[in-house]
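Asks: Sequence plus the predicted model coming up.
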Amino acid sequence: MQEENITRIQLDGREVVLIGTAHVSRQSAEQVKTVIEQERPDSVCIELDAQRYQSVTENSKWKETDIFKVLKEKKASLLLMNLAISSFQNRLADQFGIKPGQEMIQGIESAKEVGADLVLADRNIQVTFSRIWGNLGVMGKAQLLTSVFFSIFSKETISEEDLEKMKSQDTLNAVLDDFTQSFPKLKQPLIDERDQYLAQKIKEAPGEKIVAVLGAAHVPGITKEIHNEHDLAKLSKVPEKSKWPKIIGWMIPIVLVALIAITFYNNPAAGIDQTISWVLWTASLGAIGAAVAFGHPFAILTAFVGGPIGALHPLLAAGWFSGLAQAYVRRPNVGDFETLSKDVFTVKGFWDNKVTRVLLVVVLTNLGTAAGNIIGGADVIRLFIQNL
């Protein structure tokens, strides 16, 4: 049998066969099928976590998912990254006629055919991105969000040289390749930690012979790390969030309320003027933002009511109120996300896509409320100074 891209490891009397695949190669899927049929392993490990496995095996069901439910279950970040990766893969498919990830699907199918146990060996993608997020400062987070945003909406073609380079990466690494070059410390949560996690899951797979289907970029690290013990619970731990953003977020409304209270104590009429001015600015500009996004009247009304609430409570952004109202009236599903990368290329598609409309309502409502908070806050300070 041809041993190209195959690494064999003897581990305590067991044999581990690593198949280093290229996620954008037609030959990789064929090799996965051939190796599993010939080796007939007890277990097949694939480089997927449970959520990505579900999106691969239950594609039609995933398309019907309600975005309201997605947000409620706090899967928005997963959905966003799936969209970024899906957009990236669709550009590959359109340009080169390649279906990325086919080797993982083949691994799943071949494992069933030979009666092998299927092991989902990769770390939860949300944990990976949480650990990436925890390693970034404010500017780094802004840059990451920008990179993800432009990867979704980019129409840039991929050169043959880039395609060859991607044959040694997995899809996740390829999407964030430029970003990891700018922030080298992200290599640890994105690659090194996943090598350790994958190695431990492969080592714990049942049976005497294990075949693992992996992106070629992970094979060297796993070959090294599989001889060491790794704490999966520690590798899966989500870092604690900093308290400072919350503290600062609460300080601003507390100061505004304090200024209004002091003014009201000195001059009740001026205090009432302060309150009305601030409420009208935050409510009106928030509603105007939703209206500019062509939001549903219910979403605009929600933005008006939610503007002052969101400005006072940093954990309750007004845009999410109006966005959820928009989603309730015109509820998008994941199918809308899948057409988003094509819809945004036309004005009609941009405005008709339910997802884009919700995003516009969220963003513009928040911008309007923020502007209203600044203008209304300035008026609060002005009246406070006048009534000292």
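Replies: Yep, that arrived. Remember, predicted model here, so these are calculated numbers, not experimental data.
Asks: Strands of the stretch 1-150 of the chain, start to end?
Replies: 6-11, 14-21, 43-46, 117-120 (DSSP state E, counting those that start in this stretch).
Asks: list the helices and strands the first one packs on?
Replies: Taking 3 or more Cβ pairs under 8 Å, 6 or more residues apart in numbering; DSSP states H and E as the contact definition, the neighbouring helices and strands of strand 6-11 are strand 14-21, helix 219-225. Yep, even glycine has a C-beta here, placed from its N, CA and C like the rest.
Asks: try it again with 6 Å
Replies: strand 14-21 (3 or more Cβ pairs under 6 Å, 6 or more residues apart in numbering; DSSP states H and E).
Asks: try the longest one
Replies: For strand 14-21, the contact count by 3+ Cβ pairs under 6 Å, 6+ apart identifies strand 6-11, helix 26-39, strand 209-215 as packing neighbours.
Asks: Touching that strand from outside, list them.
Replies: Contacts of strand 14-21 with the rest of the structure, by Cβ atoms under 6 Å, 6 or more residues apart in numbering, involve 5, 7-9, 28, 32, 35, 39, 103, 208-213, 216, 219.
Asks: tell me the phi and psi of residue 240?
Replies: Main-chain dihedrals, residue 240, degrees, to the nearest 10: phi -70, psi 140.
Asks: Count the neighbours of it for me.
Replies: 7 (other Cβ atoms under 10 Å).
Asks: Then residue 107?
Replies: Applying other Cβ under 10 Å, I find that residue 107 has 28 neighbouring residues.
Asks: In this structure it contacts residue 46, no?
Replies: Yes: look at residue 107 against residue 46 with Cβ atoms under 6 Å: they come within range, at 4.6 Å.
Asks: what sits in contact with each of these two?
Replies: residue 213.
Asks: ok so, going back, of all the strands of the stretch 1-150 of the chain, which gets the most neighbours per residue?
Replies: strand 43-46 (a mean of 26; mean count of other Cβ atoms under 10 Å).
Asks: Using PDB, write out the CA atom coordinates for that one.
Replies: Extracted in PDB, the C-alpha atoms of strand 43-46 (Å, rounded to 0.1, in the frame of the first residue of the first chain):
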ATOM      1  CA  SER A  43     -11.600   3.100  15.800                       C
ATOM      2  CA  VAL A  44     -11.600   6.000  13.300                       C
ATOM      3  CA  CYS A  45     -10.800   9.400  14.700                       C
ATOM      4  CA  ILE A  46     -11.700  12.500  12.700                       C
END
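Asks: And the contacts of strand 14-21, which of them are buried?
Replies: 5, 7, 9, 28, 32, 35, 39, 103, 210-213, 216, 219 (16 or more other Cβ atoms under 10 Å).
Asks: Tell me the one of those residues nearest residue 374?
Replies: residue 216 (51.0 Å; Cβ to Cβ).
Asks: And the helix or strand that contains residue 257, what does it pack against?
Replies: If you go by DSSP states H and E, residue 257 is part of helix 244-266. Counting contacts by 3+ Cβ pairs under 6 Å, 6+ apart, helix 244-266 is packed against helix 268-292, helix 354-386.
Asks: Mind putting the ones you listed into JSON lines with mean neighbour count?
Replies: Compiled in JSON lines, the helices and strands packed on helix 244-266 are given as follows (neighbours: other Cβ atoms under 10 Å):
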{"stretch": "helix 268-292", "mean neighbour count": "21"}
{"stretch": "helix 354-386", "mean neighbour count": "21"}
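Asks: between those, which gets nearest to residue 115?
Replies: helix 354-386 (41.3 Å).
Asks: what's the angle from the closest one to helix 268-292?
Replies: 160 degrees (axes from the mean of the first three to the mean of the last three Cα atoms, to 10 degrees).
Asks: and the angle from helix 354-386 to helix 244-266?
Replies: Going by the same axes, to 10 degrees, helix 354-386 makes 40 degrees with helix 244-266.
Asks: Tell me where the stretch 1-150 of the chain has helices.
Replies: Here the stretch 1-150 of the chain has its helices, by DSSP state H, counting those that start in this stretch, at 26-39, 50-57, 59-63, 67-72, 76-96, 102-114, 125-134, 138-153.
Asks: Now do the helix or strand containing residue 198: everything it contacts.
Replies: Residue 198 belongs to helix 193-203 when assigned by DSSP H and E. For helix 193-203, contacts defined as Cβ under 6 Å, 6+ apart pick out 45, 121, 123, 212, 218, 221-222, 225-226, 230, 232, 235.
Asks: got TSV for the residues you listed, with pLDDT too?
Replies: Below are those laid out as TSV (pLDDT from 0 to 100):
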residue	pLDDT
45	97
121	96
123	94
212	97
218	89
221	92
222	95
225	96
226	96
230	96
232	95
235	93
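Asks: And the residues you listed, which is closest to residue 297?
Replies: Comparing the contacts of helix 193-203 against residue 297 with Cβ to Cβ places residue 123 closest, at 44.2 Å.
Asks: ok, back up a step: so how far is the helix holding residue 198 from its chain's centroid?
Replies: 22 Å (Cα atoms, centre = their mean, to the nearest Å).
Asks: So for it, mean pLDDT?
Replies: Averaged across helix 193-203, pLDDT comes to 96.
Asks: ok, back up a step: need the strands of the stretch 1-150 of the chain in CSV (columns: distance to residue 248).
Replies: Below are the strands of the stretch 1-150 of the chain laid out as CSV (distance: least, Cβ to Cβ, whole Å):
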stretch, distance to residue 248
strand 6-11, 50
strand 14-21, 46
strand 43-46, 43
strand 117-120, 40
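Asks: right, and these - which one's nearest residue 280?
Replies: strand 117-120 (53.3 Å).
Asks: how long is stretch 188-198 end to end?
Replies: 14 Å (Cα to Cα, to the nearest Å).
Asks: hang on, I meant stretch 197-208
Replies: 20 Å.
Asks: Going by neighbour count, list what's buried in it.
Replies: In stretch 197-208, counting by 16+ other Cβ under 10 Å, buried: 197-203, 205.
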